[in-house]
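Enquirer: got a sequence here, can you model it:
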Amino acid sequence: MKRLATLLTILLLSARMACAEVSPCENYQLALAYARTVDPATVTLTLDEEQTKAEIELKIARNYTAIFGNQTSGRQCLIRLELMWPSLMPGGPVPGLQKRIRDRMVGDFPAWRALTIDVTIERQAWADWMLPAGYCGMRSRLAELPGRPFGLRAFDDGIKWPSHVQGDRTYRNMQELMPYPLNSANHFYFIDSNSPEDMISISCTKGAPRCGLHGHIGGFRTTTLFNSEDIENWRSYRDSVRQFLMERTVRSSPALQPPNPGRHTDPAPALVACMREMEGSVGSETLRRMGLGK
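Expert: From the prediction side, this is the model:
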């Protein structure tokens, strides 16, 4: 009888474990495994944010997806899409050699240019105050360029520029080879608008051919990777991607509670001054919770 009871207990526990929902991020390495398919069948992809309880659900063809875990319906660890620019057609089924072209010159040597953009939606909360706070944090510790290239405020992180090999096998500094403003800075904020909805951040690794535009949808953070040469056209990437995602969003549940802004102890005077300048976007209540209010 004891053996039978033990066996029944094991079977019951096994059944419960089998029925339990597996976290979409339990095997993160598997979730990040690259894959693509030509199957245009529609899947329903769902993201939920544990901290704020926000949810978003997209219906999209499988051939847009570029991540293994995204090709079946259900909860996702993240959603990553591969799109051909500017048509925004699926980049997933396109052969690899057709996704890039060697038509750009870096110095006297031809370099590859990607013909796709990659869009990622993460299980990370977004709130109005995050971009202004990020801008002020960077402004308090890095050098802000006096000019505003293409309506952006640019920062220099002080990291040494890499070298690039030339056709004659000599090396040149990438700063000499990159066009303005990429040869002056590698992080940019668009903060000219008083509307937090319009604020964006762009990061470009020095010497890299791609930049990441950081935005949001439905309370979740998004990243759009695009060619660095097109940084002056960042609005086109932002607006096109927003429209693309909105057209495929079938359900969006707003956050039930705001993200915790954290609290600063002994903040730098420059940070306090900048955050107070941005109070219209950050909000006085958020400043108070962060310990930066008047």
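
Enquirer: how about W161, nearest residue that isn't a chain neighbour?
Expert: Leaving aside its sequence neighbours, W161 sits nearest to Q175 (Cβ to Cβ, 6 or more residues apart in numbering; 4.3 Å). C-beta here means a position set from N, CA and C on the backbone, and glycine is covered the same way.

Enquirer: ok, that neighbour to R148 distance?
Expert: For Q175, the distance to R148 equals 20 Å [Cβ to Cβ, to the nearest Å].

Enquirer: quick one on the thing from earlier: for the residue nearest to W161, which three-state class applies?
Expert: helix (DSSP: H, G, I helix; E, B strand; the rest coil).

Enquirer: tell me where the model's unsure across the protein.
Expert: Flagging of the chain using pLDDT under 70 yields the residue ranges 1-22, 24, 27-33, 68-69, 193-194, 294.

Enquirer: which strand runs longest in it?
Expert: Counting by DSSP state E, the longest strand found in the chain is strand 116-125.

Enquirer: tell me which other helices or strands that one touches.
Expert: Applying 3 or more Cβ pairs under 8 Å, 6 or more residues apart in numbering; DSSP states H and E, we find strand 116-125 packed against strand 42-48, strand 78-84, strand 220-227, helix 234-247.

Enquirer: who wins for proximity to A268 among these?
Expert: Nearest to A268, of all those, is strand 220-227, at 25.5 Å by Cβ to Cβ.

Enquirer: list the pairing partners of the closest one within its sheet, with orientation.
Expert: strand 116-125 (antiparallel), strand 210-217 (antiparallel) (DSSP bridges).

Enquirer: would you map the helices across this protein?
Expert: With DSSP state H as the criterion, the chain has helices at 2-19, 28-31, 130-141, 174-177, 234-247, 269-277, 279-282, 284-289.

Enquirer: picking that back up, tabulate the helices and strands packed on strand 116-125 (a markdown table), appending mean neighbour count and distance to A54.
Expert: Below are the helices and strands packed on strand 116-125 laid out as a markdown table (neighbours: other Cβ atoms under 10 Å; distance: least, Cβ to Cβ, whole Å):
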| stretch | mean neighbour count | distance to A54 |
| --- | --- | --- |
| strand 42-48 | 17 | 7 |
| strand 78-84 | 22 | 14 |
| strand 220-227 | 21 | 7 |
| helix 234-247 | 16 | 15 |
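
Enquirer: out of those, which gets nearest to P254?
Expert: P254 lies closest to strand 220-227 among the helices and strands packed on strand 116-125, at 11.2 Å (Cβ to Cβ).

Enquirer: that closest one vs helix 234-247, what angle?
Expert: 130 degrees (axes from the mean of the first three to the mean of the last three Cα atoms, to 10 degrees).

Enquirer: give me the contacts around strand 220-227.
Expert: Strand 220-227 has contacts (Cβ atoms under 8 Å, 6 or more residues apart in numbering) with 47, 49, 54, 56, 85, 113-114, 117-126, 209-216, 234, 237-238, 241, 245.

Enquirer: how about stretch 97-104?
Expert: For stretch 97-104, the external contacting residues (Cβ under 8 Å, 6+ apart) are M84, G91, P110, A111, W112, R113, A114, L115, T116, P209, E229.

Enquirer: tell me the one among those residues nearest to R263.
Expert: P209 (39.5 Å).

Enquirer: that closest one touches R113, doesn't it?
Expert: Yes. Between P209 and R113 a contact is recorded at 6.7 Å, counting by Cβ atoms under 8 Å.

Enquirer: which residues are in contact with both of those two?
Expert: Shared contacts of P209 and R113, defined by Cβ under 8 Å, 6+ apart, are found at R104, N227, E229.

Enquirer: tabulate those in a markdown table, adding columns for distance to D266.
Expert: Putting the shared contacts of P209 and R113 into a markdown table (distance: Cβ to Cβ, whole Å) gives the following:
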| residue | distance to D266 |
| --- | --- |
| R104 | 47 |
| N227 | 42 |
| E229 | 42 |
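
Enquirer: now distance to F190 and mean neighbour count too, for the strands paired with strand 220-227, in JSON lines please.
Expert: Listed next are the strands paired with strand 220-227 as JSON lines, based on distance: least, Cβ to Cβ, whole Å; neighbours: other Cβ atoms under 10 Å:
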{"stretch": "strand 116-125", "distance to F190": "18", "mean neighbour count": "20"}
{"stretch": "strand 210-217", "distance to F190": "10", "mean neighbour count": "20"}
